[in-house]
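Undergrad: Make a model of this:
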Amino acid sequence: MTLTPPHRRHRRAGEALLRLLATAPLALLPALTQAAPLAFDAALQQLQQRSDQLAASRSAVETAQLRRDAMQRLGGPVVNLSGAAYTYNANLDVDLNPLNRALPGVLSQLPPALAGSLAQLPHLPSSYTLNRSQSDTTASVSAIWPIYMGGASQAARGLLDAQTQEAEADAAKTGHEATTMLVQRYFGAQLAQRAAVLRESALATIEQHDAAAQKMLDAGVIARVERLQARSALEEARRNARKARDDADLAATALTRTLKATEAVTPTSPLFVLSQPVEPLPHFIDTALARHPGLDKVAAKKEQATQLHAAQEALRKPQLFAFGQRQLKTGKEADWVAGVGVRWTLWDSIDRNALAESSNRQIEQAERTGAQAQSDIALLVEKRWLALEQARRQYFALAPGLELADEVLRLRTSGLRAGTSTTLDLIDAQVNQAKAQTERTQAAHDYVKALADLLESCGLSEEFGKYMARADATRVE
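TA: Numbers count the residues shown, from 1 in each chain. Down below sits the predicted model:
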């Protein structure tokens with residue numbers, strides 16, 4: 001019996017495998033689910049229109065603005081119109097006994113003729129009841145006009161202005177966070193889909209290898225251990241492909257629900273990396289210290305404390321006001337009153353000095369919080385700027401590894417045809433290529449995420465699209 005040399009067996013196995021791959025039906029390739037294409041700009045617009053979180057923040061701002069508008073004329077005149085309809089019944093008992101007792105003495109002092117005529121009058125009763133009843137209406141108009149309130153009205157309006165500024169800062173912060181979340185989910189869905197396609201493509205190829213290995217084993221071309229190695233690689237590829245597809249489906253679902261879309265969406269804006277570094281770190285730090293919504297909120301808190309202090313100080317000062325009231329009558333002279341009043345609290349049970357000191361401490365707290373926030377934000381910007389630059393360098397550092405994986409796959413394919421490589425060598429080369437491609441795509445995703453984080457920390461999330469447009473030369477498809 002003549003034995004076939006090992007290199008000839010491998011060459012025959014490689015040729016058989018390559019013929020099988022060339023004639024493999026297209027049905028073995030992974031099928032992609034069709035969905036509505038959506039660019040990032042359109043996705044951001046949908047998010048701004050449909051997000052409940054953003055709508056709630058806008059409502060909070062509108063609430064604060066309407067409250068401020070309602071107090072615009074605080075401290076002006078107040079006019080009241082009052083009216084009443086009434087009816088009454090009043091009884092008054094008059095005691096006449098003292099008069100009866102005094103009447104004889106009075107008669108005795110009168111002339112006889114007059115006293116005699118009066119003596120013939122009937123005797124007065126001991127008491128008499130007077131009754132009065134009436135139904136009527138009354139109406140009056142009154143007005144009061146604060147002339148000087150010690151600055152309380154201005155402090156109240158200033159407090160409402162500061163509360164509006166705080167609501168606007170919270171809304172801006174919510175908007176930046178929403179943009180960052182969309183970047184993560186939009187490009188995260190792309191990354192997951194890309195990984196799933198690579199894993200499924202590798203699985204389809206390994207399934208073909210496995211089928212070819214079984215035929216070659218039946219023909220006695222390869223050893224059983226090579227067949228078992230191919231089977232083991234196939235099972236691992238199936239697990240990886242199934243997990244990658246589940247991750248891609250979950251990422252797509254998260255993106256669809258974030259946008260409140262009625263159907264699944266397909267991100268069309270590719271991952272990207274800027275070939276050159278972004279602006280220097282001082283540029284972003286200066287921008288953050290000028291635009292970060294957290295600092296705006298701290299400033300609003302300080303202004304609120306300042307206005308509360310002014311309102312408390314206003315209570316120490318005298319208050320001057322004008323007032324007037326007039327009855328509304330027709331055909332009669334109406335009663336009216338008008339004047340100027342002053343009120344000055346000289347002493348009460350509240351310790352005004354302690355309140356003033358408390359508000360001063362609150363102002364100091366806001367100032368120190370602002371100083372700490374500036375330091376923390378500058379550090380955060382520096383951290384994220386470095387993370388962005390590291391992600392950029394990592395992306396380009398992975399290019400040689402990807403080239404190496406492509407070259408190894410080419411050599412293993414040629415080696416299998418020539419009989420110098422095994423089926424397992426080719427499977428390993430294909431798996432390593434898919435791994436290298438996935439790692440580089442992951443690096444691009446890390447770069448995009450780091451860019452979104454940096455822009456959020458500077459209050460520049462709305463400029464993400466500008467940076468994406470600058471990366472036309474280096475896009476990760």
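
Undergrad: any idea which element Gln134 lies in?
TA: Using DSSP states H and E, Gln134 sits within strand 127-148.

Undergrad: Remind me what the helix or strand that that strand is followed by packs against, helices and strands.
TA: Heading C-terminal from strand 127-148, the first helix or strand you meet, by DSSP H and E, is helix 152-218. Applying 3 or more C-beta pairs under 8 Å, 6 or more residues apart in numbering; DSSP states H and E, one finds that helix 152-218 contacts helix 6-22, helix 40-50, helix 52-70, helix 224-258, strand 265-267, strand 271-272, helix 293-314, helix 423-458. To be clear about C-beta, it is placed using only N, CA and C from the backbone, and glycine gets the same treatment.

Undergrad: The last one - what's its average pLDDT?
TA: Model confidence over helix 423-458 averages 90 on the pLDDT scale.

Undergrad: For it, list every residue counted as buried.
TA: 423-438, 440-458 (16 or more other C-beta atoms under 10 Å).

Undergrad: cool, and stretch 223-241?
TA: Applying 16+ other C-beta under 10 Å to stretch 223-241 flags Glu226, Arg227, Gln229, Ala230, Ala233, Leu234, Ala237, Asn240, Ala241 as buried.

Undergrad: JSON lines for those, including pLDDT and distance to Ala254?
TA: Formatted as JSON lines, those follow (pLDDT from 0 to 100; distance: C-beta to C-beta, whole Å):
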{"residue": "Glu226", "pLDDT": "80", "distance to Ala254": "42"}
{"residue": "Arg227", "pLDDT": "82", "distance to Ala254": "41"}
{"residue": "Gln229", "pLDDT": "82", "distance to Ala254": "38"}
{"residue": "Ala230", "pLDDT": "81", "distance to Ala254": "36"}
{"residue": "Ala233", "pLDDT": "84", "distance to Ala254": "32"}
{"residue": "Leu234", "pLDDT": "88", "distance to Ala254": "31"}
{"residue": "Ala237", "pLDDT": "87", "distance to Ala254": "26"}
{"residue": "Asn240", "pLDDT": "90", "distance to Ala254": "21"}
{"residue": "Ala241", "pLDDT": "91", "distance to Ala254": "20"}
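
Undergrad: I figured Ser269 hits Ala39, correct?
TA: Yes: in this structure, Ser269 is within contact of Ala39 by C-beta atoms under 8 Å, at 5.0 Å.

Undergrad: one step back: tell me which of the helices and strands packed on helix 152-218 sits nearest to Leu416.
TA: Leu416 sits nearest to helix 6-22 of all the helices and strands packed on helix 152-218, at 3.4 Å, using C-beta to C-beta.

Undergrad: of all the buried residues of stretch 223-241, which comes closest to Leu255?
TA: Of all these, Ala241 has the smallest distance to Leu255: 21.1 Å, by C-beta to C-beta.

Undergrad: Next, the contact list for that closest one, please.
TA: Contacts for Ala241 (C-beta atoms under 8 Å, 6 or more residues apart in numbering) come out as Ala196, Arg199, Glu200, Ala202, Leu203.

Undergrad: mind listing what's buried in stretch 281-296?
TA: Those would be Phe284, Ile285, Thr287, Ala288, Leu289, His292, Pro293, Gly294, Leu295, Asp296, for stretch 281-296 by 16+ other C-beta under 10 Å.

Undergrad: average pLDDT across that stretch?
TA: 95.

Undergrad: Neighbours of the spatially closest residue to Lys449 that is not a sequence neighbour, how many?
TA: Take Lys449 and drop its neighbours on the chain: the residue closest to it by C-beta to C-beta, 6 or more residues apart in numbering is Gln184, 5.9 Å away. Neighbour count for Gln184, taken as other C-beta atoms under 10 Å: 20.

Undergrad: and the gap between Gln184 and Glu236?
TA: 29 Å (C-beta to C-beta, to the nearest Å).

Undergrad: Which residue lies nearest the spatial centre of this structure?
TA: Centrality entry for the chain: nearest residue to the mean C-alpha point is Thr174, 2.9 Å, by C-alpha atoms, centre = their mean.

Undergrad: Roughly how far does it sit from Leu328?
TA: Thr174 is 53 Å from Leu328, by C-beta to C-beta.

Undergrad: Contacts only, for Gln394.
TA: Ala443, Asp446, Tyr447.

Undergrad: Leu426 now?
TA: Counting by C-beta under 8 Å, 6+ apart, Leu426 has contacts Leu17, His209, Leu409, Arg412, Thr413, Leu416.

Undergrad: Quick check: which ranges of the stretch 1-150 of the chain have low pLDDT?
TA: Scanning the stretch 1-150 of the chain with the threshold set as pLDDT under 70 gives 1-35, 99-124.

Undergrad: Recalculate using a threshold of 80.
TA: Within the stretch 1-150 of the chain, the segments meeting pLDDT under 80 span 1-36, 92-130.

Undergrad: Please apply the same query to the stretch 201-350 of the chain.
TA: 209, 212-213, 221-222, 329-333.

Undergrad: these two touch, right, Asp446 and Ala391?
TA: Yes: contact criterion C-beta under 8 Å: Asp446 and Ala391 qualify, at 4.4 Å.
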